[in-house]
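Chemist: how would this look folded up:
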Amino acid sequence: MECEGLHLNIDYVGSSGIILSPEQKAALQTSLVILQNENKFNRVYLWGKILGVKDDYFIAQGAYKDEFAGRKTFYSKDCIHWGLLPPATDEMKKKSALAKGRFTGDPSYEFEHVETKKVGEGDDAVDEEETTIIKEEDRLSSVISEIDEDVRIVPRGAFVQVPTAEVVKNRSFEGLSVQEAAKLCNFMHFREAKRLDLKTLLQRANMDKAIDFMDSIEDDVPRGSWSLQFERGSGLLTLRSLQWPGYCFYHVPATQKYGSVYFGTGEKNLDLPFML
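Modeler: Numbering: from 1, shown residues only. Next up, the predicted model:
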């Protein structure tokens, strides 16, 4: 959700239980503009809030001209002072997967994962404990990266890929119609495509290379992991992820108004395939 017009846009996701107090709105509108100017970002987004046991993390992301490359993530506990999160590496993601339970709210907190391994064979086998330390700051970065990878979405046509391979905002995008917004195939994962190679030649023939360079959420596994609803008649579309409870996307049909935000504990619903 872009910081520009944040006080108005946050009302679109109010029906999902996502709200900000007047103090938080005022602080975010000021501090995010300062963050944008200091780092010379083209755009700054309020990514959401991760709920901790003792304290919560407000998350913001800054992007340059190319929306795919060089995106930086920041966290704050008071909506005023922002700290830069380290980019999530594969090793950090592997370690973070071992940490169970909710975030504490202290970035310096360290999770411990103890794994028992048998060393030796037969009667000489001895149990050895291997302890892995996971920093909460690293886990926070990994979870944000995973949520972006799994569920961050945009309407089809909202972004274009220019000949230099940069991904930029489409200035001629006028929004989806009500009929288009009712179909999951018109919403795309905002990341590098993973499933385009699996499309048939017939399917590819109907695709526009400039806007169909991302994966559609229609093919997401498990099927049924998205909840699509119209509100205010057909004046507002809301898409909620059942895989990551707390992620909410909104779009006002026939306008350029769209955005998404995550307000949750940072825990994935691993039981979803058995619930559908």
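Chemist: tell me where the stretch 51-200 of the chain has strands.
Modeler: 57-63, 72-76, 83-84, 110-119, 126-135, 153-155, 159-161, 167-169, 187-189 (DSSP state E, counting those that start in this stretch).
Chemist: what comes up buried for the lengthiest helix in the chain?
Modeler: Ranked by residue count, the top helix of the chain under DSSP state H comes out as helix 22-39. Residues Gln24, Ala27, Leu28, Gln29, Ser31, Leu32, Leu35, Gln36 are the ones in helix 22-39 that count as buried (16 or more other Cβ atoms under 10 Å). For every residue, glycine as well, the C-beta is placed using N, CA and C.
Chemist: could you dump those into CSV with pLDDT and distance to Glu115 added?
Modeler: Output for the buried residues of helix 22-39, formatted as CSV (pLDDT from 0 to 100; distance: Cβ to Cβ, whole Å):
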residue, pLDDT, distance to Glu115
Gln24, 95, 40
Ala27, 96, 42
Leu28, 96, 41
Gln29, 94, 46
Ser31, 96, 41
Leu32, 96, 41
Leu35, 96, 39
Gln36, 96, 43
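Chemist: residue contacts, Phe41?
Modeler: Leu35, Gly62, Ala63, Tyr64, Lys72 (Cβ atoms under 8 Å, 6 or more residues apart in numbering).
Chemist: now the element after the longest helix of the chain, going C-ward?
Modeler: As assigned by DSSP states H and E, the chain's next helix or strand after helix 22-39 is strand 43-50.
Chemist: show me what that following strand is packed against.
Modeler: helix 22-39, strand 57-63, helix 136-151, strand 258-264 (3 or more Cβ pairs under 8 Å, 6 or more residues apart in numbering; DSSP states H and E).
Chemist: same thing but 7 Å
Modeler: On a contact count with 3 or more Cβ pairs under 7 Å, 6 or more residues apart in numbering; DSSP states H and E, strand 43-50 meets helix 22-39, strand 57-63, strand 258-264.
Chemist: okay, the ones you listed in CSV with distance to Ser227 next?
Modeler: As requested, the helices and strands packed on strand 43-50 are arranged in CSV below (distance: least, Cβ to Cβ, whole Å):
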stretch, distance to Ser227
helix 22-39, 26
strand 57-63, 23
strand 258-264, 14
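Chemist: and the contacts of Phe41, which is closest to Pro253?
Modeler: Ala63 (25.1 Å; Cβ to Cβ).
Chemist: circling back: return the distance of the longest helix of the chain from the chain's centre.
Modeler: Relative to the centre of its chain, helix 22-39 is centred 20 Å away, using Cα atoms, centre = their mean, to the nearest Å.
Chemist: ok and it relative to strand 43-50, angle-wise?
Modeler: Between helix 22-39 and strand 43-50, the angle comes out at 140 degrees (axes from the mean of the first three to the mean of the last three Cα atoms, to 10 degrees).
Chemist: export helix 22-39 as CSV, just CAs?
Modeler: Extracted in CSV, the C-alpha atoms of helix 22-39 (Å, rounded to 0.1, in the frame of the first residue of the first chain):
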residue,chain,number,x,y,z
PRO,A,22,-5.1,8.4,14.2
GLU,A,23,-1.7,8.7,15.9
GLN,A,24,-0.2,5.9,13.9
LYS,A,25,-1.6,7.4,10.6
ALA,A,26,-0.1,10.8,11.4
ALA,A,27,3.3,9.3,12.4
LEU,A,28,3.5,7.0,9.3
GLN,A,29,2.5,9.7,6.8
THR,A,30,5.4,11.9,8.1
SER,A,31,8.1,9.3,8.7
LEU,A,32,7.6,7.4,5.4
VAL,A,33,8.0,10.7,3.4
ILE,A,34,11.2,11.3,5.3
LEU,A,35,12.3,7.7,4.7
GLN,A,36,11.6,8.2,0.9
ASN,A,37,13.6,11.4,0.7
GLU,A,38,16.6,10.2,2.7
ASN,A,39,17.0,7.0,0.6
